[in-house]
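Engineer: let me see the structure of the following:
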Amino acid sequence: MNEIIGVILAAIICWLNFVIVDTYFGLPEQPGVKGARIIGESIKKRNGDIAGGFFQGNILCSPDASAGTLMASIGYLLLGIPGGIIAAFLVLIGNRLCADPGYAGTVGSLTATLLIFIFSFIGLTPEMFIVGMVIAILTIQGIDQVRASIILGKIAEKFNRHAKE
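Structural biologist: Residues are numbered from 1 along each chain as shown. All right, here's what the predicted structure looks like:
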């Protein structure tokens, strides 16, 4: 498969994986760890969506499905499926160190491992998923936080996970 097309597909798959998993586990509803509220309120002050801000704050302050997807991609590259499972375990430890009671990162790591395995049959490589995940994280955290928060807020509404504030 062409590397450019592969990276684009991997970025879309990674973005969907971590946004769906993190939204399902309620990251947009409330700040789950220290620091997430500050980020959410800062984004809201800049005319962003509070739910999207909480989502961004939660993934910045604790290893959720974004970190899980990236770590699973690296683990899969190094050791195959066992590497993805080890990544899920490491994300679980990271969650507990951050006093994060959730399992979004662990589930995101496991679903990413499964997705990498499935899409390897059409030619997507773990390297493509690593680059794709970095691109996916940049679209949420690095390029335009306010617009990203609005998109995340709309997704949260669809999942009935929008912040109550």
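Engineer: who's the closest spatial neighbour of residue 44, skipping the chain neighbours?
Structural biologist: Closest residue to residue 44 apart from its sequence neighbours, by C-beta to C-beta, 6 or more residues apart in numbering: residue 50 at 4.6 Å. C-beta here means a position set from N, CA and C on the backbone, and glycine is covered the same way.
Engineer: now do the top helix by length along the chain: which elements does it pack against?
Structural biologist: When the chain is parsed with DSSP state H, its longest helix is helix 3-24. Applying 3 or more C-beta pairs under 8 Å, 6 or more residues apart in numbering; DSSP states H and E, one finds that helix 3-24 contacts helix 50-61, helix 65-79, helix 104-119, helix 126-137, helix 145-158.
Engineer: the second one: which residues count as buried?
Structural biologist: What that stands for is helix 65-79. Residues of helix 65-79 classed as buried by neighbour count (16 or more other C-beta atoms under 10 Å): 65-77.
Engineer: same list (these) but as CSV, adding distance to residue 85.
Structural biologist: Shown next, in CSV, are the buried residues of helix 65-79 (distance: C-beta to C-beta, whole Å):
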residue, distance to residue 85
65, 16
66, 18
67, 16
68, 12
69, 14
70, 15
71, 11
72, 9
73, 13
74, 13
75, 8
76, 10
77, 14
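Engineer: find the residue at the geometric middle of the chain.
Structural biologist: Centroid check for the chain by C-alpha atoms, centre = their mean gives residue 66 as the closest residue, at 2.4 Å.
Engineer: kindly export the worst-scoring helix or strand of the chain on mean pLDDT (C-alpha atoms) in CSV.
Structural biologist: Least confident helix or strand of the chain, by mean pLDDT, DSSP states H and E, is helix 50-61 with a mean of 87. The C-alpha trace of helix 50-61 is given here as CSV (Å, rounded to 0.1, in the frame of the first residue of the first chain):
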residue,chain,number,x,y,z
ILE,A,50,-16.9,23.0,27.7
ALA,A,51,-17.4,19.2,27.0
GLY,A,52,-14.7,19.3,24.3
GLY,A,53,-12.5,21.2,26.7
PHE,A,54,-13.0,18.6,29.4
PHE,A,55,-12.2,15.9,26.8
GLN,A,56,-9.0,17.7,25.9
GLY,A,57,-8.1,18.2,29.6
ASN,A,58,-8.7,14.6,30.4
ILE,A,59,-6.5,13.3,27.6
LEU,A,60,-3.8,15.8,28.5
CYS,A,61,-3.7,15.0,32.2
